[in-house]
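S.K.: Could you work out the structure for the sequence below:
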Amino acid sequence: MNSYKQLQGQTLTSPIGALTKMSDLITSSAVALLIITRMGIPLGFGEKTIKQLCQEHGVDLKTLLLLLNSAVVENYRPSQEQIRSVHLDSLITYLSQSHSYFLDYRLPSIRQRLLSAISDCPQELAYVIRRFFDEYAEEVRKHMGYEDRVVFPYARKLAAGERDSHYSIAIFSRRHDQIELKITELKNLLIKYYPIQSGYELTTVLYDIF
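M.R.: Next up is the predicted model:
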């Protein structure tokens, strides 16, 4: 699906710092809203800085700054020191909340709009498209569940200096490839074989799943 930097073309050219006002950041790049929501920072910032809000809500400042800069600052490349300073539990919390967003909101929303977009196409084709999407959504659900159950605990063990001889990150990579295959099949089906005059509904769905 779309990366943050692709969303509405909103990118910044200057790095985001601890003293950046959160309201200024959000009005400059709404993409940051998704990130701070997943980190547990609610709206109603007033004139508070990112640092003040992190202190107020118990959010690790260095982790949040790395996520924000990586997502919305053009050509941003974190230093090794910045990467090492990331708080692993905060990062995993962010990723877990990202899962909830995709599974509980994003995928159901896309499915609803997809069904509306294909409502006038032949019944047989509508069935195939719906099946492809549902299979893709199921792969995403399995993949994210696997990350929650296996990958995140594995990462915590590695950070603590423990080794797990029964698991390799290569397993994770293979499972990720299965998701890419499913979404590629769905995109090809819509782009190459959808016969009805398509309007904004279908192109919006395609944009969401690219």
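
S.K.: Just the pLDDT at the most centrally placed residue in the chain, thanks.
M.R.: Centroid check for the chain by C-alpha atoms, centre = their mean gives S98 as the closest residue, at 5.7 Å. pLDDT, S98: 93.

S.K.: and if you look at the one 10 residues further on?
M.R.: Looking at P108, its pLDDT stands at 95.

S.K.: which phi and psi does it have?
M.R.: Dihedral pair for P108: phi -60, psi -40, per degrees, to the nearest 10.

S.K.: Near it, how many other residues are there?
M.R.: Residues lying near P108 (other C-beta atoms under 10 Å) number 12. Quick note: C-beta positions are derived from backbone N, CA and C, even for glycine.

S.K.: mind checking the SS state of the residue nearest to the centre of the chain?
M.R.: Using DSSP: H, G, I helix; E, B strand; the rest coil, the three-state assignment for S98 comes out as helix.

S.K.: who touches the residue of the chain most remote from its centre in this structure?
M.R.: The outermost residue of the chain, judged against the average C-alpha position, is P122 (32.7 Å), by C-alpha atoms, centre = their mean. P122 makes contact with P195, according to C-beta atoms under 8 Å, 6 or more residues apart in numbering.

S.K.: And for the residue nearest to the centre of the chain, nearest residue in space, chain neighbours not counted?
M.R.: Distances taken as C-beta to C-beta, 6 or more residues apart in numbering place R38 nearest to S98, at 5.7 Å, with adjacent residues excluded.
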